[in-house]
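A.B. asks: Okay, sequence plus prediction incoming.
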Amino acid sequence: MRRAGAGRARLGALLAMGALLLGGAAPAFAQDAEYRIGARDLLEVKVFEVPELNVERRVSDAGRIELPLLGELPVGGLTAAEVASRLESTLKTKYVNRASVSVVIKEYQNKPVSVLGAVAKPGSLTVSGNWTLLQAISAAGGLTPQAGKKIYVLRRSDNSLSDTLEVSTDDLLQGSATLWNVPIFPSDVVNVPAKSSVKVFCLGEVKQPGAFEFDAGDSMTLLGAIAKAGGLTDRASKTIHVQRRDRDGRQTDVVAHYGRIVSGKEKNLLLQPEDVVIVKESFL
């Protein structure tokens, strides 16, 4: 499986998907033209020269549709373009010298879209026409108050490869809808994880020492933790120690210089869940 990186590392892929909405280059994933028709899909057939064939038909469990004049036509496993080509060939041999055939998949019931997580009505949805991420979420009843700050779209291709796109909830709802409101295709899985919180601890010479919760989707920084703790006391040392556990469970000590961070000479230290910020007393 190929998985996308976190944050805006997936911007290139998202831009490509957004370009589809603007009529630009195609994204790197399977599109409607490559979709293989399956049982319970709804097809719209139009033949300009033979009005009797302008019908909508549901594909049977056997992968066939019943058409006027022509009877049963196998369509399972074919693309819409392949069905149209087969119909053109059949009509040319039996009824007309030239046939203008259009086949459109109206509903993708064989490979529904799944919307999971913090939405009002999680489950499978039948895609009808061209869908976007906002439409899929809306069809699932919209986001609940428990929705987190990230939305993930899992897409699988016919060769079993898959990829995951990560979209910021704020970018989708408040930013450029055309860019982040990506197209949704049959069998996509939209996952909206619920909010979760993580803790860091501030001890020593801060005004309100204790444990402080951050949204798991937010960046936890040293200055942010100190602000939650009410700021430093007058006796606080400007050299701050951050104790954390590495993957092997060993305790490490990270030293940060408060004054240099505030003045912009040093980057604001990113904290990790369960970090312990220790502000010692200055004896100067």
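C.D. replies: Looks like it came in fine.

A.B. asks: Quick one: low-confidence residue ranges for this structure.
C.D. replies: Counting by pLDDT under 70, the low-confidence segments of the chain come to 1-33, 129, 157-161, 175-177, 284.

A.B. asks: how about the helices in it?
C.D. replies: If DSSP state H is used as the criterion, the helices of the chain fall at 11-21, 80-94, 133-139, 169-174, 177-180, 222-228, 258-262.

A.B. asks: Need the ones you listed in JSON lines (columns: distance to Lys106 and mean neighbour count).
C.D. replies: From N, CA and C alone the C-beta is placed, and that goes for glycine too. Listed next are these as JSON lines, based on distance: least, CB to CB, whole Å; neighbours: other CB atoms under 10 Å:
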{"stretch": "helix 11-21", "distance to Lys106": "20", "mean neighbour count": "17"}
{"stretch": "helix 80-94", "distance to Lys106": "10", "mean neighbour count": "16"}
{"stretch": "helix 133-139", "distance to Lys106": "15", "mean neighbour count": "19"}
{"stretch": "helix 169-174", "distance to Lys106": "27", "mean neighbour count": "15"}
{"stretch": "helix 177-180", "distance to Lys106": "25", "mean neighbour count": "18"}
{"stretch": "helix 222-228", "distance to Lys106": "50", "mean neighbour count": "18"}
{"stretch": "helix 258-262", "distance to Lys106": "58", "mean neighbour count": "15"}
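
A.B. asks: TSV please, covering those helices and showing distance to Val242.
C.D. replies: TSV is the format used below for the helices of the chain (distance: least, CB to CB, whole Å):
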stretch	distance to Val242
helix 11-21	30
helix 80-94	58
helix 133-139	38
helix 169-174	28
helix 177-180	34
helix 222-228	7
helix 258-262	12
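
A.B. asks: Pop the domain breakdown of this protein in here.
C.D. replies: Domains of the chain are assigned by automatic domain parsing as 7-31+110-192, 34-108, 197-281.

A.B. asks: so how far is the second one from its chain's centroid?
C.D. replies: What that stands for is domain 34-108. 33 Å (CA atoms, centre = their mean, to the nearest Å).

A.B. asks: please renumber so the chain begins at 55
C.D. replies: New numbering, starting at 55: the last item is domain 88-162.

A.B. asks: Quick check: end-to-end length of it?
C.D. replies: Start and end residues of domain 88-162 are separated by 13 Å (CA to CA, to the nearest Å).

A.B. asks: Surely Ser168 touches Leu179?
C.D. replies: Yes: using CB atoms under 8 Å, Ser168 is in contact with Leu179, at 7.4 Å.

A.B. asks: Compare neighbour counts for these two and give me the winner.
C.D. replies: Leu179 (20 against 17; other CB atoms under 10 Å).

A.B. asks: On the strand side of things, show who the more buried one bridges to.
C.D. replies: Val167 (DSSP bridges).
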